[in-house]
Structures are given as structure tokens and as C-alpha cells.
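Novice: Below is the structure, and that's it, no one-letter string:
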């Protein structure tokens with residue numbers, strides 16, 4: 001039996017035990033793994049009481065000291081979105097808790113939804129408008145000014161990561177070295193943009209990209225709400241407008257980006273007009289890159305986790321290179337629109 005098979009069997013057993021202990025139902029069909037992002041694992045579970053989606057949270061994430069507080073905060077904000085009528089798929093509350101713990105492993109359980117995630121290459125401008133409108137509705141729930149504080153800047157130790165990769169004779173070393181100048185530029189532009197942000201705050205869902213919105217015909221449902229937090233709406237809207245317009249797949253359609261902004265402003269006007277000044281926030285992928293470099297080099301992670309990390313390193317560097325190539329065009333259009 002491979003490690004991968006062993007892990008799957010272990011997870012199946014935990015889910016069966018969890019459903020029995022929580023009196024949710026008896027599992028009556030094989031548990032199947034479904035796509036669920038790059039950090040956690042998702043499963044379809046059919047029981048004698050209904051069909052559920054189960055998210056098995058990444059153990060490495062849950063070991064972080066700030067993880068419990070982050071998840072509790074996201075759960076409280078999820079309730080605010082529910083109360084405001086935002087179209088979301090909330091985690092079930094069982095015995096007073098959304099997060100379920102069984103044998104040291106953490107899970108979220110959801111009602112299974114019909115519909116599908118859009119193909120990143122076939123997202124329509126109308127879907128972008130709808131997604132922008134939902135994000136605007138979220139930002140409009142509880143916005144307000146915040147006191148001006150010192151900007152939180154990124155400072156990735158690229159030389160340290162290169163050295164660690166070299167010591168392990170890892171493919172990541174060449175990827176970082178060959179692109180170091182670009183990565184330093186991107187990090188600097190991101191930091192400059194963060195310093196330009198206005199002192200405002202709202203509820204934000206930084207993870208509301210196309211992979212986290214389900215569509216049942218024209219009806220959108222936002223899923224995967226663990227990243228809900230309070231943050232800067234200006235930062236959130238420019239990053240997500242780019243993702244919905246295709247920056248993630250290096251195939252940007254500015255018509256879709258404009259549609260996202262139009263849907264957003266229909267729901268909420270945050271008063272900001274100088275988005276071109278904070279374009280550098282598009283390079284926030286630098287932080288995802290750093291996480292995945294560490295992931296790829298983690299000797300304590302299983303092989304599948306390390307391979308996912310390496311794959312994401314390759315894709316993210318290509319994405320940062322593409323953003324750099326498109327920078328002048330995007331800035332010019334942001335100036336025209338606003």
C-alpha cells in the first residue's frame with residue numbers, strides 16, 4: 001500500500017467515524033475525493049440522511065499558532081454574511097461548532113450543492129459582473145475608517161530559500177535564482193502599493209476567485225469561506241478583479257475586469273478612484289510563492305504535498321512574469337476607467 005493510499009483509507013475511516021459520532025448519518029457509498037483547492041482536501045460523502053461535502057483541513061495549516069483564532073474569526077464573519085443574505089454555502093453547525101474535531105484531525109461539513117465551478121478559460125463577462133456585485137455586497141456590510149498604522153511590508157529571504165534548496169539539491173533552487181531580479185521587483189512594487197492604500201476596512205473574502213464560486217445556471221454560490229476576515233476593500237477588489245479577468249491563467253481579458261468593477265460599484269462605492277496607484281497589489285502572489293517554496297522543501301510533508309508545492313511554485317512564477325508583462329496595459333486601462 002502506498003502512502004497516498006494509506007492516507008486516503010485513514011481519511012475515509014475518520015469521516016465514517018465522524019458522521020457516526022455526530023449522528024449525521026451512516027455512510028452508504030464509497031467516499032470520493034473531489035477537487036477542493038490547493039491546501040485542503042474535499043470529499044463527497046453519501047449517507048442515509050443525505051449527501052454532504054466534507055473538507056479535511058490541512059494538518060500543517062492547523063499547527064500554526066494563529067490558526068484557531070483565524071478560523072473562529074472567519075466563522076463569525078460567515079454568520080454575518082448569512083444574515084445579510086449573501087449567497088454562500090456555510091459550514092454546518094453541529095453541537096454548537098462549525099469546525100469538527102475527530103482523532104486530532106479537523107473537518108468542515110457542508111450540504112452537497114448542485115452546480116459546478118466555472119472553467120477558468122470560459123468565464124463570461126456577465127459572471128464577472130455578478131461576482132463583482134457579490135463582493136461589493138460583502139464590502140458594504142460593515143465598512144468604516146481605521147486608524148493609520150504602519151504598513152505591513154513583505155520581506156522574503158530569497159537568498160536563504162536559494163541556499164536551503166541548494167543544500168537539498170532541489171529543483172526550486174534554479175527557479176528562484178533564474179527569476180530573482182523579477183521577484184525582488186514584484187515584492188518592492190507590492191510593498192509600495194500597500195503603503196498607498198487608504199485607511200479603510202470592511203469584511204473581505206480574499207479567496208473569492210473563480211474556483212470558489214459555484215454556478216447553478218445563473219445563480220452563484222460562494223464556497224470556501226475560511227479566508228473571511230476584516231481587511232482593505234480596495235486591495236481586495238483590485239486583486240479579485242484581475243483574477244476573475246484571467247490573470248491567474250495568464251490570459252487576461254480587460255473586458256471582464258471592467259465588468260467585475262461595474263458589478264462591484266453597483267453594489268458598493270468605496271469612494272476610491274486611483275486603482276492604478278495600487279496595481280502593485282497584483283504581485284501579492286509573492287506570498288503564495290513563498291508559502292509553496294517552503295511547502296516544496298518541507299521534509300516533514302508527504303510526497304503529494306511537496307509535489308503540489310513544486311507545481312505551484314512553477315505556476316506562480318509564470319504568473320508573476322505575466323503580470324509584469326501586462327503591467328503597463330492594465331495601469332493604462334485603470335486610469336481610463338476611473
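Specialist: Thanks, I have the structure now. Since we're looking at a predicted model, the values are computed, not measured. Numbering: from 1, shown residues only.

Novice: show me the contacts for the most centrally placed residue in the chain.
Specialist: With distances taken as Cα atoms, centre = their mean, residue 207 lies nearest the centre of the chain, 3.2 Å away. The neighbours of residue 207, taking Cβ atoms under 8 Å, 6 or more residues apart in numbering as the test, are 224-227. Where you see a C-beta, it was placed from the backbone N, CA and C, and this is true even at glycine.

Novice: Please pick the buried ones from these.
Specialist: Burial by neighbour count, 16 or more other Cβ atoms under 10 Å: within these this picks out 224-226.

Novice: for these, which one is nearest residue 234?
Specialist: Set against residue 234, the nearest of these by Cβ to Cβ is residue 225 (21.0 Å).

Novice: one step back: save the contacts of residue 207 as a markdown table, and put in distance to residue 88 too.
Specialist: Output for the contacts of residue 207, formatted as a markdown table (distance: Cβ to Cβ, whole Å):
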| residue | distance to residue 88 |
| --- | --- |
| 224 | 10 |
| 225 | 6 |
| 226 | 12 |
| 227 | 13 |
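
Novice: In the helix or strand containing residue 221, which of the residues would be classed as buried?
Specialist: In this structure, residue 221 sits in strand 219-222 according to DSSP states H and E. Buried residues in strand 219-222, defined by neighbour count with 16+ other Cβ under 10 Å: 220-222.

Novice: Which neighbouring elements make contact with it?
Specialist: Here strand 219-222 touches helix 125-139, strand 213-216, going by 3 or more Cβ pairs under 8 Å, 6 or more residues apart in numbering; DSSP states H and E.

Novice: And the next helix or strand after that strand, what's buried?
Specialist: Sequence-wise, the next helix or strand downstream of strand 219-222 (DSSP H and E) is strand 228-231. Across strand 228-231, burial judged by 16+ other Cβ under 10 Å covers 228-229, 231.

Novice: Listing request: residues of the stretch 1-150 of the chain with sub-threshold pLDDT.
Specialist: Scanning the stretch 1-150 of the chain for pLDDT under 70 picks out 1-9, 36-38.

Novice: ok, back up a step: for the helices and strands packed on strand 219-222, which one sits closest to residue 155?
Specialist: When the helices and strands packed on strand 219-222 are compared by Cβ to Cβ, helix 125-139 sits nearest residue 155, at 28.7 Å.

Novice: residues in contact with the closest one?
Specialist: 81, 84, 86-87, 118, 202-205, 208, 210, 213, 215, 218, 220, 222, 233, 236-237, 240-241, 244-245, 253, 255-257, 259-268, 270.

Novice: so residue 118 sits right up against residue 216, yeah?
Specialist: No: applying Cβ atoms under 8 Å, one finds residue 118 not in contact with residue 216, separated by 11.6 Å.

Novice: quick one: which of the two has more around it?
Specialist: residue 118 (18 against 11; other Cβ atoms under 10 Å).

Novice: so who does that one touch?
Specialist: 127, 210, 213, 215.

Novice: Quickly note the distance from residue 112 to residue 261.
Specialist: Distance of residue 112 to residue 261, given as Cβ to Cβ, to the nearest Å: 33 Å.

Novice: Quick one: residues contacting residue 94.
Specialist: Shown in contact with residue 94 (Cβ under 8 Å, 6+ apart): 22, 24, 100, 109.

Novice: Across the sheet, point out what pairs with it.
Specialist: residue 97 (DSSP bridges).

Novice: ok, now how distant is the residue lying closest to residue 98 once chain neighbours are set aside from residue 137?
Specialist: Sequence neighbours aside, residue 91 is the residue nearest to residue 98 in space, at 4.3 Å (criterion: Cβ to Cβ, 6 or more residues apart in numbering). Per Cβ to Cβ, residue 91 is found 20 Å from residue 137.

Novice: Now flag whichever of the buried residues of strand 219-222 is closest to residue 142.
Specialist: The closest of these, once distances to residue 142 are taken by Cβ to Cβ, is residue 222, at 17.1 Å.

Novice: Can you tell me how far the nearest residue to the closest one once chain neighbours are set aside is from residue 138?
Specialist: Closest residue to residue 222 apart from its sequence neighbours, by Cβ to Cβ, 6+ apart: residue 88 at 4.6 Å. Distance, residue 88 to residue 138, by Cβ to Cβ: 9 Å.

Novice: Give the residues shared as contacts by the two.
Specialist: Contact criterion Cβ under 8 Å, 6+ apart; residues shared by residue 88 and residue 138: residue 81.

Novice: Do you have the helices of the stretch 51-200 of the chain handy? List them.
Specialist: Taking DSSP state H, counting those that start in this stretch as the criterion, the stretch 51-200 of the chain carries its helices at 59-62, 67-83, 125-139, 158-167, 172-178, 180-196.

Novice: For the fourth one, the averaged confidence score.
Specialist: Averaging pLDDT along helix 158-167 gives 97.

Novice: Show me where the chain has its strands.
Specialist: Secondary structure of the chain by DSSP state E: the strands cover 32-34, 41-47, 50-56, 100-102, 105-111, 116-117, 144-145, 200-205, 213-216, 219-222, 228-231.
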